[in-house]
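>>> Sequence and computational prediction follow.
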Amino acid sequence: MRADQLLALPVRLHGIQLGRAVDLLLDREELRVLGFDVLCGDGGHRFLRLPTAVIRDEQIGILSPLLLLEEDELAVYQARTFALESLRGCAVEAAGRRVGTLEDVVVGPNGALVDVIVDVDGEERRVPFDETVRLQRGGRSAA
């Protein structure tokens, strides 16, 4: 599923909307999705680990409100991850060749990136994500 699709889904507990995902947090080493930054109804941000979420076409479901980790725990994850929003627009290289700028990612069920969606002269292209893909964040490589 594309990140943009995931971020359009409400986070619900037994059908009750608690908030919505506003960003994906990716492991700095593997660029695997660890979880979501969730903006809750009370205005606070909380962290939802990907393995604890039940993703369906119409929602990101959780089985307990305790799965939404408080803001201080979110801060710990933010310090050890890349927010997808901070990566959008960065240069993407594949096999040492620039292929475009990052627009979005396609996430597999286990959080692994399947494809990166790049912009090439105003046109979207899918690039399979593998060990040769590098994201150039302001002169620094993000895997």
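Received the coordinates, thanks.

>>> Low-confidence regions, the protein specifically.
Applying pLDDT under 70 to the chain flags residues 138-143.

>>> Spit out the contact partners of the residue nearest in space to the middle of it.
The centre of the chain sits closest to residue 24, judged by CA atoms, centre = their mean, with a distance of 2.6 Å. Under the criterion of CB atoms under 8 Å, 6 or more residues apart in numbering, the contact list for residue 24 reads 3, 6-7, 33, 35-37, 83-84, 105, 107. C-beta here means a position set from N, CA and C on the backbone, and glycine is covered the same way.

>>> How far off centre is stretch 49-60?
Centroid displacement of stretch 49-60 relative to its chain, using CA atoms, centre = their mean, to the nearest Å, is 13 Å.

>>> Can you mark which positions in that stretch are buried?
If you call a residue buried by 16 or more other CB atoms under 10 Å, then stretch 49-60 has these buried ones: 49-50, 53, 55, 59-60.

>>> before we move on, back to that, which of the contacts of residue 24 has the largest number of neighbours?
residue 36 (29 neighbours; other CB atoms under 10 Å).

>>> Can you list the buried residues in the helix or strand containing residue 114?
Assigned by DSSP states H and E, residue 114 belongs to strand 113-120. Buried residues in strand 113-120, counted by 16+ other CB under 10 Å: 113, 115-119.

>>> Alright, that wraps it up for me.
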